[in-house]
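>>> When you get a sec, could you give me coordinates for this:
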Amino acid sequence: MNQTKEFILTPGYISGLTQTDGCFSCSISILKEQITFSPSFTITSDLTSKYVLESIQSFFKCGRISVSDRDHSANYVVSWAFGEKKIFLK
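Numbering: from 1, shown residues only. Next up, the predicted model:
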């Protein structure tokens with residue numbers, strides 16, 4: 001099945017998609033005296049709409065797309081680590 005994949009990608013479209021299928025999260029890792037913050041941004045879609053995620057990736061010029069055949073889904077993920085610094089434990 002070949003669908004026409006034409007749509008207008010706007011900041012409002014991305015905002016709406018993020019509100020319905022997106023997630024912002026942050027993990028915190030502490031190893032010995034070092035703490036790392038790792039925030040990430042994810043949008044999930046059905047595999048048939050992967051082209052939308054590819055357009056968003058092109059729009060932001062960053063991130064990666066992963067595919068799960070088991071769930072028939074695709075994820076657009078932008079993640080990074082920052083804030084590494086030593087903390088002093090008493």
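>>> Could you use CA atoms for every contact and neighbour count after this?
OK.
>>> How far does the biggest strand by length in the chain sit from its chain's centre?
The single longest strand within the chain, with elements called by DSSP state E, is strand 34-46. For strand 34-46, the distance between its averaged C-alpha position and the chain's averaged C-alpha position is 6 Å (Cα atoms, centre = their mean, to the nearest Å).
>>> How about it, which residues are buried there?
Neighbour-count burial for strand 34-46, counted by 16 or more other Cα atoms under 10 Å, picks out 36-37, 40-45.
>>> same deal with stretch 74-82?
For stretch 74-82, the neighbour count (16+ other Cα under 10 Å) marks 74-78 as buried.
>>> Between which two of those residues is the distance greatest?
Farthest apart among the buried residues of stretch 74-82 by Cα to Cα are Ala74 and Val78. That separation is 13.4 Å.
>>> Run through the strands of the chain in chain order.
According to DSSP E, the strands that the chain contains are 22-31, 34-46, 64-68, 73-79, 82-86.
>>> partners of the fourth one in the sheet?
Neighbouring strands of strand 73-79 in its sheet, by DSSP bridges, are strand 34-46 (antiparallel), strand 64-68 (antiparallel).
>>> closest to Ser25 out of those strands?
Proximity of the strands paired with strand 73-79 to Ser25 was assessed by Cα to Cα; the nearest stretch is strand 34-46, lying at 5.4 Å.
>>> In CSV, list the buried residues of stretch 74-82 along with pLDDT.
Written out in CSV, the entries for those read as follows (pLDDT from 0 to 100):
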residue, pLDDT
Ala74, 97
Asn75, 97
Tyr76, 97
Val77, 95
Val78, 94
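>>> quick one: which of the residues you listed is nearest to Glu54?
Compare each of these with Glu54 using Cα to Cα and the shortest gap goes to Tyr76, at 8.0 Å.
>>> What's the separation between the closest one and Gly12?
Taking Cα to Cα, to the nearest Å as the measure, Tyr76 falls 17 Å from Gly12.
>>> ditto for Tyr51
18 Å.
>>> neighbour-wise, which of those two wins?
Neighbour tally, Tyr51 and Gly12, criterion other Cα atoms under 10 Å: the higher count belongs to Tyr51, 14 against 9.
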